[in-house]
Every structure is written in structure tokens, then in C-alpha cells.
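# The amino acid sequence is not available; the structure is as follows:
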């Protein structure tokens, strides 16, 4: 796997503390049409925003997992300068559990690589977005995620898209942070917020408090 | 009356150019000095460089310099002819202030040294060598020739001239307690000679004036938090009033912070306008207090005047505009550093440290404590021009600095509410050392380590992971950071180690001196000039060649390492092969765990084996470990091979074939040679160093 060699080179060349972010995105059949189009726009916006920011592009590492007819590792962690903006297509069901498991595994592997290269990393983020409910078993993935979150090793942003998104299931993945519902199809606004958050974090020092902007621009609060 | 004979008999006396060139000293050299030299049979030490400098001035365009140098030259000629001086070195030996400092530093243990100079800065720095705690040596005496042609000792104190600074005041040996207008106890200063020879950037006219300083605070000013009335908060285009500058128009905003916004003005200064909720009585009083002490130093954006709105209500203040980019965003990440400063080498980083330390020293002399030494508030234009902003948050008298940054906060005040107590210089020294560390190892906090806890925990436990002397925790992050650390000079490492591990904090002045030495060491090529050296430093005489058992290449290693491998019967593996091995093993494990990518089955967590062989490091599995950080977006330290409990916890043999050499403690004489970045180079035969020759020289006079 040349990727691994390249990755290691990148880590040696650039020992900046990393902010690993994994996007776990629902591309099931119901996302066809406007939703998937807007999602693509959002992802593109995000990647371009990170690329333009000197510090963020040195610190942020992004991965992308989709779940629809299959669970796919669309982008693995690595320098954003190497990653091409993907075009996602919708179709299939909603194997959320498997997707989250994959994301967690990818994060583990990445953390090992960081450790092996002596590179610091900030607490990883997972952004989990769905417009419906999972069609596979999520218990195990949820338990894994919760354990990490409770040990302060992970942060998950669970986000519901549209009126059919099942917030109860999303809640299982995030014991501390209530899931938010995206306003309409405001993916770009969300990714704008996300890129600013990444920027702030990458400019902070390990352990320092980072104040994230309020998500009010793109989210409507759920009263649960 | 100074007993010149006694001094000559006891000390090796150096005289620098400034004293030879000082007009009143003519009488001194022709008179009392000559007599004393004859009666004691001693000689003065005359660096050859001094002769060259004096000769240069003979043709100077400035008439006064020509006159002085003619006088100096004739004195020197007489001294040389009559054997009253011993000339050391050639005219090409760089005997600058730096060299004098370095030489005095190195030889004070063995010899009694004395210096005659008119240069106050040099005198202070040389005098301060007496206060080094690491090594005690013979007391160094520092003299000058005064207006009356007599030898006079530099005084740094109200009375005795030999005391180190006590308790509360900053430790730099220069702490006249005089407040504004009070001249009691001040010793007379010689007027600076017109010719500034071998002068450091910092020698300015202001050094001659008594320093006006703030009082040290005694208790926290807690009142005055009532909001002041503000009928209109000025913005772009509005006018504000300043007593000193009159009506000032606000231009475009150049910064928006949590406290307020900053605008350009038509005066060339910038103006900070506070948010309405920040306009308290206390803030106004603090600013007024800040205006009572002159802080006129380029690079320190001190308030110049308070401004009011059209109703006469306090709204903000004017200050110098800053230039450059915040350290945090232009220096603290390798790619960003290389982008912003493509020509920089390590010497530039070290110079930058020196510049920052000079600024901080300036502030400390005036009893100003920065408090929150934050790399977002230090702007870098280049390695000589640095701007300190957000000065209104500094600690002045009883007004605390209400903010702090975890990584720069001393262990004993971690977690405390910053607005409720006054910081001390000791707290500040911790922050300063952290700043210097994070500059020399760009962006790397000192306590960041593999398998470590939160920064707060590590600081509290003084868990500093870098090795020094016999102590090697082996927990320092691998790769570039460890290499950079190994290439720092011994004294710099020692000072940082003592500060971060043993809680013995190096003062700003001491650190500044050590940084100067480090810079000199790089210039002389005794230390590596690489920003990111790719290998450990191997001390001179300890390097041997070994052949890698994997790739067959010959590499330079530390002799101790070779011996260890031979004793254990293990083959040598070079760094590159070691890394490749580790990668391949990781690859295999991940491939095994991943299965197919299509339908992802589940949750196989890669288990890490504990096989140890030469060239491997044992690992602990999974993601257990200490709780990392309290805030969601904060980082975790890297989880390293040894896991949370350290080497003993794993039960496996920790083998670190490429951990690199330990820097042995040195007696402090032999300069080091850096072998370069792993490439095999034959060491050229070096001619005797300046120091070696000086040793010979001093032994013979």
C-alpha cells in the first residue's frame, strides 16, 4: 500500500498536530435528487475551505465514509492536498451501524500511525448525517462510540436531515451532545460552520479551550 | 580607592576597545595603569581584534573618531613595545562582545577574570555570569574608566555592588529601586563614548537614563467593575478625542477581538475601542496608570493615550500599529513556517528567541508582567522585529492579567482563576521558557508526549519527556522533535530541563545569554543550523560507523549504541529501514483487520502483538489509556508504544535501537561538531579552536 508510505512521509514532513475528521454520510435512495446534490456542494465547499486555510490544511485530515447500497470508504485520511473532491450518488438502504464501525476502525488505524510517527492529534470528530433510520444493527457501533466519547476520545456530531430523520437512533451515538436537525437542505451552511470549527481548533494549542461558533445558522434545535 | 595592583595580581584583565578609545582613559593608561603593571610585572590581555578596530577608526570620516583612535593607537603601541600587554589571537579572530561573554563563561571556573569596558550592556552581561547557579566560579570583576581617568567598578546595586537581586524583583542584577524622579542611591554613569564600538542592537541612549518603573503589586485590585456610561460607541469614520493627539478619526477596522475592535486612524496609530460591556472604571484606571510610565520601545504596543467619544466618555486607547503575523499562525506549524520564512535557518529561530527575550526583559525591568504570554499576541515581522500586542491585559501594579493559556501556565497556578491573584516573575519565567521551547521546536508544547495525559496534568506533574544527562524517559515524541532537542546546546537544554522537569526556572536574562551563546555556536558551526535536523546529534569523538543489516549502508551512530547492540548480540538497523519495517508491520495488521471493503462486516479491532525483536518497539493494544482532555475539541496526546503505564507496564523489553545518543555532560570547553543529516561525511581535521588557543594563552601569561 503506497498510501501508507506516502502518509508516513507526510507525517514526517509535516509534524503539525492533526485534527482528524471523519464524515459518515447517508447516501441511501431517499437522498436522491436535491439532497444529494446539496450534500455534494457542501462537501466540496468544506474541502476547498480547508485547502485555502494555511494552518487548517496542515492540521486537518479528512476521511469520508458513505452508507447506501454498500458501505464505502470514499476517502481515507491523508493530506487534503492529495484528495480529490468526490461526487456522491444516492441509492440503496441505510447500513449506519456498519458505516460507523468502519469509521471507528479508520480512526483507530490513523491514530496508530500518528503515534508511530510521533505526531500529536486533537480529539477526532465524526460527523454522522442521515435522513432516515438505520436498516442494520447499530447497537454495537453505538456502544463503541459511546465508550470512546465517555472516555473523551471522540466527539460525534449527529445530524438529522429532513423530517424523516430518526433522532432517537442518532441519539444513541452521542450521549453528550444532542443531535441537531439540519434546516432544510442547508448543507453548505453546515460545512461552512464545520470548516470554521476546524480552523479554530487547528489554530489552538493542545488543551486550550476552543470556542466553536453557534450552529444556529444551519441547525434547528430539537427539544427532546 | 581601587587597588589596581591587587587586581592585576589576582586576575587576568581584559580591556576592550571602548576603554582604549575613551578620552579620559589616556591619563589612566599613561599613569596609574602603567605603574601598576610595572610594579606587579603583570600584563593586560589584548585581543587582536581590538587593534584592528582601532586601526579602522584611524581612517574614519568622523573627525572625533579619528582623534580618539589616534590617541588609542599610540597608547596601544607603547604598551605593545614595552611588553605591558599580551596580544591574543590575530586581527581576524572575531573577538566581539559575544566572544568575551563566551570566553568569560567558559573560563570563570578556572581563572579570576576581569574586564574593563565602557559598555554598560556588556558590563552587565559579563557581571551577570556571577549569578549563574549551575556552575559557581571565581567572581568576575567589571570595571570602567570614569570621567576623571580613574578605574571605577561598575555598580549594579544601591550599595554593595555584589548582591544578586533579591526575591520579588526580576533576576537580572540590575535593579535600582528608584521610582520616577528619585535619584537616591544611583551611581554615576559614565557618559557613553561617542564612538559605539562592537555595539549590540540594544545599546540605545535610553540605557543611560535611570529606568522609571511601576511599583510591584501587593494585592489584586478587585473593585471598579461598574460599567461606565457610554452613549455612543465610535466606529469606522467616527472621531474620538485624545488629550495628546487631539481629534482622531477612526479608519478601517483591522481586528475584531473578544474585548473590542481595532481601527486604523489618521494619526498612524491604531485605536482599540472596547465593547460597551468592557468599559469599566477599573479598565480606565488601569490604562491611566499605564500612561504614567514611559514605555517607548519599538515592538511593544503600549497605550499612548486614552480616547473618549464626543460626550467625553472613555471608549478605548491609542497605540502603535503592529506589523507581522501572529506566531501561532505563521510559525507554529512546519509547512506554515517554511511558507512564511522560506530563507530561514535555525540561526533565525534562535535570533528570534533573542529578540523576544530582549523585549520581555525590557518589560520586566519596569515591573511589567505580561501574564498571558500567548503566541496569538506576538507578531513576527522578521527575526529582529517582533511586536507585542494586547498590552492592556498585562499585569501592572495591582491590576492582574485576567487571562491565561494552559500550556504557558506554571504548575502551581494551573486551574486557578487568573483574575484573582497577582502573578510573580517566577510564574512568568515558566511561560517565557515555554515560549522559547515552542519557538526552537516550532509549535511543539514542552509537555506534549507519547502516551501522555492532558497538558494540564503533565504540567502539574512536571512530566517533561525530553532527556538530559542521565535521565531519559524515552517518552519524547519521536522524530523531528527529539532530533531538534539533541542539537540544542548543552546549556540551553540544561536550562529548559531544569525549568520543566525540576522546577528550577531559568530567568529571562540568563536564558537570553544562553540563547546568545547558542546563536554563536551555530555561527561557528559547532551546532546544527538545520531547522528540522533529520537525525540525532552525536558528540564529537563519539561517532562510529556501522553497517545496516537490512540495507547494507554505512551509517554514523553513537559509540554507546554500538556497544549496547554488540553486548546484546543484536544487529544494527538504520533509521530508514527501521521505519520501513514498522510500516510494513502496520500494513499487515491493518490488512488483516480490514477484511474486504465492500460489505463491511464489523468490528475487528486490530490487536497489536507484543513481539520484540531488534529494531521493534513493543506496543499495547486498543484505546485504553488515561482520560485525556476536559474539552471536546481539545487534543489528546499521542498514544505511544508504551501505553499509559510506561515501559515497566508492558512487561516487554523496551528496545530502542535508534533512540539516539545521550548528550554527555560536558566540562564546557570543547565545542561540538554536528555530523550533518545522516550522510556519511569524513570529518575534516579542524585547526585548534579559539577556545583551545585561549586556554594555552591564559596558561602562559
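Cool, the structure landed. Given the structure is predicted, the values throughout are model-derived calculations rather than measurements.
# is chain A contacted by the helix or strand where residue B:379 lies?
In this structure, residue B:379 is located in strand B:378-382 according to DSSP states H and E. No. On the criterion Cβ under 8 Å from any Cβ of the partner chain, strand B:378-382 is out of touch with chain A, staying 13.4 Å away. Quick note: C-beta positions are derived from backbone N, CA and C, even for glycine.
# List the contacts of the closest residue to residue B:317 other than its chain neighbours.
In space, and not counting its chain neighbours, residue B:317 is closest to residue B:303: 4.3 Å by Cβ to Cβ, 6 or more residues apart in numbering or on different chains. Residues in contact with residue B:303 (Cβ atoms under 8 Å, 6 or more residues apart in numbering or on different chains) are B:287, B:290-291, B:317-319, B:391-392.
# swap in residue A:131?
A:26, A:28, A:30-31, A:35, A:160-162, A:164-165.
# Now do the closest residue to residue B:399 other than its chain neighbours: how many residues are near it, please.
Excluding the flanking residues, the one nearest residue B:399 by Cβ to Cβ, 6+ apart is residue B:286, at 4.4 Å. Residues near residue B:286, counting by other Cβ atoms under 10 Å in any protein chain shown, number 23.
# Can you name every helix or strand that whichever helix or strand residue B:286 is part of contacts?
Residue B:286 is part of helix B:281-291 when elements are defined by DSSP H and E. In terms of contacts (3 or more Cβ pairs under 8 Å, 6 or more residues apart in numbering or on different chains; DSSP states H and E), helix B:281-291 is packed against strand B:303-308, strand B:395-396.
# Would you agree residue A:98 is in contact with residue A:136?
Yes. Under the criterion of Cβ atoms under 8 Å, residue A:98 makes contact with residue A:136 at 5.8 Å.
# Which one's more surrounded, those two?
Per other Cβ under 10 Å, whichever of residue A:98 and residue A:136 has more neighbours is residue A:98, with 23 against 15.
# State the pLDDT value of that one.
Per-residue pLDDT puts residue A:98 at 95.
# so what's the backbone phi/psi at residue 28?
Let's take chain A. With angles defined as degrees, to the nearest 10, residue A:28 sits at phi -70, psi 170.
# how many neighbours does it have?
There are 25 residues near residue A:28, going by other Cβ under 10 Å.
# Where does residue A:103 sit: helix, strand or coil?
Put simply, residue A:103 is helix when judged by DSSP: H, G, I helix; E, B strand; the rest coil.
# Leaving out the residues flanking it, which one is nearest to it?
Spatially, and ignoring its direct neighbours in sequence, residue A:103 is nearest to residue A:22 (4.5 Å; Cβ to Cβ, 6+ apart).
# Verify the contact between residue B:50 and residue B:16 for me.
Yes. The pair residue B:50 / residue B:16 is scored as a contact, 6.7 Å apart, by Cβ under 8 Å.
# right, and the helix or strand after the stretch of helix or strand residue B:105 belongs to?
Element membership for residue B:105 (DSSP H and E) is helix B:97-107. Using DSSP H and E, the next helix or strand after helix B:97-107 towards the C-terminus is strand B:113-116.
# How are the strands of chain A distributed by residue range?
A:19-26, A:60-67, A:71-75, A:121-122, A:125-130, A:155-160, A:180-182, A:219-220 (DSSP state E).
# and these as CSV, adding mean neighbour count, distance to residue B:297 and mean pLDDT?
Below are these laid out as CSV (neighbours: other Cβ atoms under 10 Å in any protein chain shown; distance: least, Cβ to Cβ, whole Å; pLDDT from 0 to 100):
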stretch, mean neighbour count, distance to residue B:297, mean pLDDT
strand A:19-26, 25, 37, 95
strand A:60-67, 25, 38, 96
strand A:71-75, 20, 50, 95
strand A:121-122, 25, 37, 86
strand A:125-130, 24, 43, 94
strand A:155-160, 24, 44, 92
strand A:180-182, 20, 50, 90
strand A:219-220, 16, 48, 78
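# Same list (the ones you listed) but as TSV, adding distance to residue B:120.
Output for the strands of chain A, formatted as TSV (distance: least, Cβ to Cβ, whole Å):
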stretch	distance to residue B:120
strand A:19-26	49
strand A:60-67	51
strand A:71-75	62
strand A:121-122	48
strand A:125-130	56
strand A:155-160	56
strand A:180-182	64
strand A:219-220	63
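# Figure out which of the ones you listed is closest to residue B:408.
Evaluated over the strands of chain A, closeness to residue B:408 peaks at strand A:121-122, with 18.3 Å, by Cβ to Cβ.
# How far off centre is the closest one?
15 Å (Cα atoms, centre = their mean, to the nearest Å).
# Same question for stretch B:316-331.
20 Å.
# circling back: adding distance to residue A:113 and mean pLDDT as columns, could you present the helices and strands packed on helix B:281-291 in TSV?
Shown next, in TSV, are the helices and strands packed on helix B:281-291 (distance: least, Cβ to Cβ, whole Å; pLDDT from 0 to 100):
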stretch	distance to residue A:113	mean pLDDT
strand B:303-308	49	96
strand B:395-396	43	94
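# Residue B:560 contacts residue B:544, doesn't it?
No. In terms of Cβ under 8 Å, residue B:560 does not count as a neighbour of residue B:544; the distance is 9.7 Å.
# and stretch B:274-283, which residues are buried?
Going by neighbour count (16 or more other Cβ atoms under 10 Å in any protein chain shown), the buried part of stretch B:274-283 is B:274, B:279-280, B:283.
# Then stretch B:77-84?
Under 16+ other Cβ under 10 Å, the buried positions of stretch B:77-84 are B:79, B:84.
# one step back: ok now do the residue nearest to residue B:399, which residues does it touch?
B:221, B:392, B:396, B:399.
# ok, back up a step: from the buried residues of stretch B:274-283, which single one is nearest residue B:148?
For these, the nearest to residue B:148 is residue B:283 (51.1 Å; Cβ to Cβ).
# is it true that that closest one touches residue B:274?
Yes. Applying Cβ under 8 Å, one finds residue B:283 in contact with residue B:274, separated by 7.1 Å.
# Would you check how far apart residue B:406 and chain A are?
Residue B:406 sits 5 Å away from chain A, going by Cβ to the nearest Cβ, to the nearest Å.
# Go ahead and confirm that residue touches residue B:413.
No. Judged on Cβ under 8 Å, residue B:406 makes no contact with residue B:413 at a distance of 10.8 Å.
# which of those two has more neighbours?
residue B:406 (21 against 16).
# Would you mind measuring from the more buried one to residue A:172?
33 Å (Cβ to Cβ, to the nearest Å).
# Same check on residue B:491?
Residue B:491 is 57 Å from residue A:172, by Cβ to Cβ.
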